[in-house]
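Enquirer: Dropping the sequence and predicted coords here.
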Amino acid sequence: MNAMAEFLRIRRGRIGPADVGLPVGPGTRRTPGLRREELAALAGVSVDYYIRIEQGRETAPSDAVLDALARALRLTDDEHTHLLGLADRTAGRTPRRRRTDAQSARPGLRLLLESVRPSPAYVLNEVNDVLAANPEGLALMPGLGDWPPGQRNTFRYTFLHPAARTLFADRDRVTRNCVAHLRTAELTDPERTAALAAELSQASSEFAALWRRHEVWVKRGGETAFHHPVVGPLTLSIEVLGTTDDGQRLLVYQAMPGTAEHDSLVLLGMTTQNA
């Protein structure tokens, strides 16, 4: 089964008849979610054609068919984009987004890391390797800076570093979002994504279970609450700035000046001066 077929099968199993206005019918269903014939009818394609797609025998469905399946499955915009990208890979077409090979943070982004202090900030690539970070960024995630630069990755940290077990106040949401975001990198950096996913799946049953869910979500902002061992509890807003086609992103945790959270960031910066 190819990745596109697997994605469709998983998403079909996670949406029920009632979710799309269909009667559940009598009796117990053998499998959760929509039946293949129900999804085919909702998307306006033949049952045989959809079965060929899901079994991997049809590898080049048109965008119109994929759009119809995305609507029928109630996919989000991120998930819809992901499906189209998986279809490109399956059909051997040129990816719709470029993969990045850049592994060094650009000088301008390094300057921005200093400019936003005391806000913790990172330059990340598609799979969240930490290409650069300011001192507050390393201090916000205790132990991240102890790893060699080539090992620093926020997904690896979240699942494998002992300090991360208690750092995030809402760990379940953080871990789920991490995995859903890593799924999006399958389209632009499939080799590094596969390698990281294999590493984390072997080392963490928690990651492996979430990876099998095949959820997709692009991180663009929001809030994260921390139980930091040095500065205590704080909730920070997140801003993610995409740059160019090299795939580098600037992620900044910030707080409004004059708030207790901002005071905590100032204190966090002071601890880096004494380190």
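Expert: Everything's here; your move.
Enquirer: what about the helices in the stretch 151-275 of the chain?
Expert: For the stretch 151-275 of the chain, the helices defined by DSSP state H, counting those that start in this stretch cover 154-160, 164-167, 171-184, 190-203, 205-213, 260-274.
Enquirer: Nearest to residue 134, out of those helices?
Expert: Of all the helices of the stretch 151-275 of the chain, helix 260-274 sits nearest to residue 134, with 8.7 Å by Cβ to Cβ. The way it works is simple: take the backbone N, C-alpha and C, and place the C-beta from them, glycine included.
Enquirer: Which positions in the closest one come out as buried?
Expert: By neighbour count with 16 or more other Cβ atoms under 10 Å, helix 260-274 contains the buried residues 261, 262, 264, 265, 267, 268, 269, 272.
Enquirer: From residue 264, how far out is the nearest residue to the fourth one once chain neighbours are set aside?
Expert: This means residue 265. Nearest residue to residue 265, sequence neighbours excluded (Cβ to Cβ, 6 or more residues apart in numbering): residue 118, at 4.4 Å. Distance from residue 118 to residue 264, counting by Cβ to Cβ, to the nearest Å: 9 Å.
Enquirer: And residue 9, by the same measure?
Expert: 45 Å.
Enquirer: Need the helices of the stretch 151-275 of the chain in JSON lines (columns: mean pLDDT).
Expert: Shown next, in JSON lines, are the helices of the stretch 151-275 of the chain (pLDDT from 0 to 100):
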{"stretch": "helix 154-160", "mean pLDDT": "97"}
{"stretch": "helix 164-167", "mean pLDDT": "96"}
{"stretch": "helix 171-184", "mean pLDDT": "95"}
{"stretch": "helix 190-203", "mean pLDDT": "94"}
{"stretch": "helix 205-213", "mean pLDDT": "96"}
{"stretch": "helix 260-274", "mean pLDDT": "91"}
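Enquirer: Tell me where the model's unsure across the stretch 51-200 of the chain.
Expert: 95-103 (pLDDT under 70).
Enquirer: how about a cut-off of 50?
Expert: 98-100 (pLDDT under 50).
Enquirer: how about residue 269, what does it touch?
Expert: By Cβ atoms under 8 Å, 6 or more residues apart in numbering, residue 269 lies in contact with 117, 118, 135, 136, 139.
Enquirer: now with 10 Å?
Expert: 117, 118, 119, 120, 134, 135, 136, 139, 231 (Cβ atoms under 10 Å, 6 or more residues apart in numbering).
Enquirer: JSON lines for those residues, including secondary structure?
Expert: Formatted as JSON lines, these follow (DSSP: H, G, I helix; E, B strand; the rest coil):
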{"residue": "117", "secondary structure": "coil"}
{"residue": "118", "secondary structure": "coil"}
{"residue": "119", "secondary structure": "coil"}
{"residue": "120", "secondary structure": "coil"}
{"residue": "134", "secondary structure": "coil"}
{"residue": "135", "secondary structure": "helix"}
{"residue": "136", "secondary structure": "helix"}
{"residue": "139", "secondary structure": "helix"}
{"residue": "231", "secondary structure": "coil"}
